[in-house]
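Trainee: can't give you the sequence, but here's the structure:
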């Protein structure tokens, strides 16, 4: 509808002034504005041309009619005129008037006198259509002009015709115009208006949320293309709006969220600020914050109270720290400020500015406070003042207590040192005596006893040192030695030391070293012995019936024969004793704790043993564990990692082994463990052992004709003891009876037993458990007496180094003449001829002029002590000719040994000199010399 | 046989260590008759002169000898003085040396009376 379009268009318009309204003409009216005048003008022009043509044609017709009328009527009138019949002429003329076109007619005579007329002759001048024709009469042979006729035709008919045509034209033009307008309007509406209205409608819809409505209009004209483009645009617009709307929604949502967050954060911050200021206000410490120009930002009540003596005191923020100090100095609260106010303020300022380590400040009334100044990131300073009066009091008390404790500890150490000295003195007597005893002519048994005494005393001495070292163990300061140790020797001598105790209790004590265990290992033999002794002693102590078995095996048998290879040994000590209840296991390895108090009463002991054992095992890099069943027994197992070593001199052992290889041995023992161990050991020595569990069984074997090179018999067996079995065997075999070796755990001191042994004339009599070395030499002596005589010389104390050619050059340095004499006498006795000097200076001089293999250096000497002299000697001589230097000192603490070793000594001997220890040092010196000789 | 002043076992051990010949021991005891008093003299001098270093070393020497001969009380007295010197805190050194002198005399007398047989 045009109106709608008008509305639609006006709706598109932005609101504007009325001046713009006149431009809001519809497309239709614009169309009409162009079409209607065009139609009108063309109609007028067309009809004008037509009219002009019609009029000219009508005028021509009229003219033709006039001429023909005149011509005809002149002939008609001629007769009448000729006859002068006027009346007739008149009639004719009047008849002419019946033609409506004829306006008037006149007839004139030859002299131009009017003869007759008719009609409105006055009109002759008013009309253009007037014609005159001469009237001629045919008088026989001539024609005579007798008059003229004049006729006037009226123009009125022309006018009425034109009138008629005009009305028609107007009518036709009106119809044409109406048709044109109607056609225009219709076409306009159909082709343009409708789609525009639809588009308008679509556009008007845009504000609503529904998708844009597409215009349903198809045509192949421009409008159609516009609509298609519009639709496409609408779709794009819809998509775009959709995007925009979702983006907008998202944005709004985020803005909302952010706003909510901000609100909540603000609330939290406000709360935190509130909490913080409450906290600052209420902390018991004085708190103040200064900006980077040292102006106060905030201070709590406590700060005001401390600095100004009054928590109500006015202390506005912005107050410079100097002013705070000035006011504080006036309060008499700071004793130091009283003495020198300026200096005090100066110092406080300095500390404030160099904020760092807290310092302690005295307040009046014997109060103390700690002041901590800390820099903030903004360059300000936080000051915290804490009252530490109570802490200071406690700390003073603690310091007192600590001093007292340290004094007590020192006293304890001194006591321990003295005690150990007191015990050592008699012990050294035992050691010395047994050493001397060994020097005399002893039989096998006596030598064994004497050795055992020496070893036991030695171990006791070691243990005393251990007690001294316990504190070191506790402090983790114990250092282990690392020397090649003979494993078999170390293990067996440990077992041997426990043997007498197990014999007393009639417990079988056995030691089983797997043949694949290396013969030597780098390690600390003393400490390993200590571990084994502890475990074995424990096992024997807590076992009343049954056996105690030490087993040594290795998890890496392949490494055993290659010196330098790493290996791991497993030691286990199994007993059949009282066991440990499970709930008490965890107390085992704790200091001074035994399984329970009754145990202590019954079995004694300090409870230190297992602690030291555990620490030692751990120090050696191993682990110790325990398995136990109450009433069944206990097994302690520990591991020992180490490096396989080579024992330097095994020649005699190898000779012995070669001599006895392949010999047949019969073992007669009722204890299965012992039988197994012996068999295994013998097989390791390449012997052919056969064991039997009792005398009868053994006799049966012998009766069957089996031949043996030697019989080993246990003394204590059920039914028949060792003596009885021996007698029975000899009776059975007579002269073919092989030599026999007796094993027993009976104390050989029993005179009856000793007499029995003597009477039975055994090849050897050994106490259980026999050391491998003893057993081997007993077998070798029995089976191959010739070979053994070379190597099994009776040993004496000095004989240990009998092959240690006595050409060792020894220098003894001691300022004390008695010590010199004692030392010289001991060395002489051992077969050495020492050079003796009495000062460090002399020692240095002598060392430069002569070569020595060993220097025994007293430590405490006037002018130059032994350590200084030693260092001199080391610096003066080339490294490979520095002698083995041994410190000599009367200081009792064995724990000082490390200190001496650290100060450059090779070894350490305590005075009074222990011959064994001295011998060991001499052996070490010889080894050093020999290694140098081979190196050269 | 035990003596209050002399630890006879220590003396016996000394004898064993030097080879068991009583004449050797006799020789050592004679030596001590000389060395003991001369060391004491050094101690007295250094005590009066407040020379703690010399006092310490001479105390140590006498201690060592006293131990060799089993003169336990003398050894302990010397050791105490030695430790005090080491710590640098000797109270009245002269008096302490005086006490040691008494111990030395007792030890010498006791040693003369000892019979090892």
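Mentor: Done, it's in. Keep in mind the model is a prediction, meaning the values are calculated, not measured.
Trainee: remind me, longest helix of chain A?
Mentor: helix A:222-282 (DSSP state H).
Trainee: report the mean per-residue pLDDT for it.
Mentor: The predicted model assigns helix A:222-282 a mean pLDDT of 87.
Trainee: next one: stretch A:399-414
Mentor: 80.
Trainee: figure out how far that stretch is from the centre of its chain.
Mentor: 45 Å (CA atoms, centre = their mean, to the nearest Å).
Trainee: equivalent analysis for stretch A:836-847, please.
Mentor: The mean C-alpha position of stretch A:836-847 is separated from the chain mean by 63 Å, CA atoms, centre = their mean.
Trainee: and for stretch A:816-833?
Mentor: That offset, for stretch A:816-833, works out to 67 Å (CA atoms, centre = their mean).
Trainee: got it, and stretch A:248-260?
Mentor: In terms of CA atoms, centre = their mean, the gap separating the centre of stretch A:248-260 from the centre of its chain is 38 Å.
Trainee: packing partners of the helix or strand encompassing residue A:618?
Mentor: Assigned by DSSP states H and E, residue A:618 belongs to helix A:609-619. With contacts defined as 3 or more CB pairs under 8 Å, 6 or more residues apart in numbering or on different chains; DSSP states H and E, helix A:609-619 has these neighbours: helix A:444-475, helix A:525-541, strand A:624-629, strand A:633-643. For every residue, glycine as well, the C-beta is placed using N, CA and C.
Trainee: quick one: closest of the ones you listed to chain B.
Mentor: Closest approach to chain B among the helices and strands packed on helix A:609-619 (CB to the nearest CB): helix A:444-475, 11.8 Å.
Trainee: just after the closest one, pick out the following helix or strand.
Mentor: strand A:483-486.
Trainee: who does that following strand touch, helix- and strand-wise?
Mentor: Packing contacts for strand A:483-486, counted by 3+ CB pairs under 8 Å, 6+ apart, involve strand A:520-523, helix A:525-541.
Trainee: partner strands of it, with direction?
Mentor: Here strand A:483-486 has these sheet partners by DSSP bridges: strand A:520-523 (antiparallel).
Trainee: buried residues, the strand it pairs with. List them.
Mentor: By 16 or more other CB atoms under 10 Å in any protein chain shown, the buried positions in strand A:520-523 come out as A:520-521, A:523.
Trainee: redo these as a markdown table? Include pLDDT and distance to residue A:301.
Mentor: Below are these laid out as a markdown table (pLDDT from 0 to 100; distance: CB to CB, whole Å):
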| residue | pLDDT | distance to residue A:301 |
| --- | --- | --- |
| A:520 | 86 | 79 |
| A:521 | 88 | 74 |
| A:523 | 88 | 69 |
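Trainee: report the beta-bridge partners for residue A:767.
Mentor: As for beta bridges, residue A:767 partners with residue A:744 under DSSP bridges.
Trainee: average pLDDT across the top helix by length along chain B?
Mentor: The single longest helix within chain B, with elements called by DSSP H, is helix B:22-48. Averaged across helix B:22-48, pLDDT comes to 89.
Trainee: go on, stretch A:655-664?
Mentor: The pLDDT scores in stretch A:655-664 average 84.
Trainee: so what touches it?
Mentor: By CB atoms under 8 Å, 6 or more residues apart in numbering or on different chains, the residues outside stretch A:655-664 that reach it are A:685-690, A:707-710, A:776-777, A:779-780, A:783-784, A:787-788, A:790-791.
Trainee: that older thread, okay, the helices and strands packed on strand A:483-486 in a markdown table with distance to residue A:377 next?
Mentor: Below are the helices and strands packed on strand A:483-486 laid out as a markdown table (distance: least, CB to CB, whole Å):
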| stretch | distance to residue A:377 |
| --- | --- |
| strand A:520-523 | 58 |
| helix A:525-541 | 57 |
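Trainee: and those: which comes nearest residue B:70?
Mentor: Closest to residue B:70 of the helices and strands packed on strand A:483-486, according to CB to CB: helix A:525-541, at 27.7 Å.
Trainee: list the buried residues of that closest one.
Mentor: Those would be A:525-541, for helix A:525-541 by 16+ other CB under 10 Å.
Trainee: could you list every helix and strand in contact with whichever helix or strand comes after it?
Mentor: Proceeding N to C from helix A:525-541, the next assigned helix or strand is strand A:547-554, under DSSP H and E. The contact analysis (3+ CB pairs under 8 Å, 6+ apart) places strand A:547-554 against helix A:487-504, strand A:508-513, helix A:525-541, strand A:566-575.
Trainee: what is the orientation angle of strand A:547-554 with strand A:633-643?
Mentor: 30 degrees (axes from the mean of the first three to the mean of the last three CA atoms, to 10 degrees).
Trainee: got the residues of chain A near chain B?
Mentor: A:414, A:418, A:425-426, A:428-429, A:432-433, A:435-436, A:815-819, A:821-822, A:825-826, A:828-829, A:860-862, A:890, A:911-913, A:915 (CB under 8 Å from any CB of the partner chain).
Trainee: list buried residues within those residues.
Mentor: For the residues of chain A next to chain B, buried by 16+ other CB under 10 Å: A:425, A:428-429, A:432-433, A:435-436, A:815-819, A:821-822, A:825-826, A:829, A:860-862, A:890, A:911-913, A:915.
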